[in-house]
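Asks: no FASTA, just this:
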């Protein structure tokens, strides 16, 4: 306690040496009128721009479609859904076990058949996609579960492309969900 007394005396002495503050001359003026400010508005949520089509031999260099794969088991069997940034299933792989086939579903509608082109590192194939059902907004194409194109999709240097005429292409990662649907269907 005695050691603290000299420190206390020194701090009181130093405080006495500090000059008193003066009020500036402008302090007698009235304060400025408040300026009305509008609360900042949050920008509207950004809608991702559609990815540009890239020439067939340069698709591996295109930016990946933003989103994630999800795997689940439905009533008809396993399925993998690629969910885009808007929360919508952009592409779906489903297994039809009784038919031993895999259906490829691309979000979109069409009054008639469309060409769906699948591009992988080792294979490219065009399929015929048709409107799945009147109330289902997907175009679907089907492949036998043993089709080598499915293996190429699962092992394609980490990505594959899905192109449907009249729609922006999808450049999708070939994650484990894709392989799992294919393997579970065989």
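Replies: Alright, I've got the coordinates. Everything numeric in this text was worked out from a predicted model, so none of it was measured.

Asks: going forward, measure contacts and count neighbours with C-alpha atoms only.
Replies: Will do.

Asks: just give the nearest non-adjacent residue to residue 158, would you?
Replies: Counting by Cα to Cα, 6 or more residues apart in numbering, residue 174 is the residue found nearest to residue 158 once chain neighbours are left out, at 5.1 Å.

Asks: my guess is that neighbour meets residue 162, correct?
Replies: No - between residue 174 and residue 162 there is no contact under Cα atoms under 8 Å: 11.8 Å.

Asks: now list whatever residues contact both of these two.
Replies: When Cα atoms under 8 Å, 6 or more residues apart in numbering defines a contact, no residue borders residue 174 and residue 162 alike.

Asks: I figured residue 143 hits residue 101, correct?
Replies: Yes - when contacts are counted by Cα under 8 Å, residue 143 is listed as touching residue 101 (5.5 Å).

Asks: out of these two, which sits in the more crowded spot?
Replies: Ranked by neighbour count (other Cα atoms under 10 Å), residue 143 and residue 101 place residue 101 first, with 19 against 16.

Asks: any idea how far residue 182 is from the more buried one?
Replies: In this view, residue 101 and residue 182 are 9 Å apart by Cα to Cα, to the nearest Å.

Asks: and for those two, which residues touch both?
Replies: Residues within reach of residue 101 and of residue 182 at once, by Cα under 8 Å, 6+ apart, are 95, 145.

Asks: okay, now residue 75: neighbour count?
Replies: Residue 75, neighbours per other Cα under 10 Å, totals 7.

Asks: ditto for residue 106
Replies: 27.

Asks: cool, and residue 128?
Replies: 14.

Asks: pLDDT score for the residue nearest to it when sequence neighbours are not counted?
Replies: Distances taken as Cα to Cα, 6+ apart put residue 115 closest to residue 128, at 5.0 Å, once the chain neighbours are dropped. Predicted confidence (pLDDT) for residue 115: 94.

Asks: you'd agree residue 115 is up against residue 139?
Replies: No - between residue 115 and residue 139 there is no contact under Cα under 8 Å: 9.9 Å.

Asks: tell me, what's touching these two both at once?
Replies: Both residue 115 and residue 139 are contacted by residue 129, under the criterion Cα under 8 Å, 6+ apart.

Asks: quick one: which of those two has more around it?
Replies: Applying other Cα under 10 Å to residue 115 and residue 139 shows that residue 139 carries more neighbours, namely 26 against 17.

Asks: return the distance of that one relative to residue 122.
Replies: Remark: distance between residue 139 and residue 122 (Cα to Cα) = 24 Å.

Asks: ok, the spatially closest residue to residue 100 that is not a sequence neighbour - contacts?
Replies: Closest residue in space to residue 100, ignoring its immediate chain neighbours: residue 145 at 5.5 Å, by Cα to Cα, 6+ apart. The neighbourhood of residue 145, defined by Cα under 8 Å, 6+ apart, consists of 95, 100, 101, 102, 182, 185, 186.
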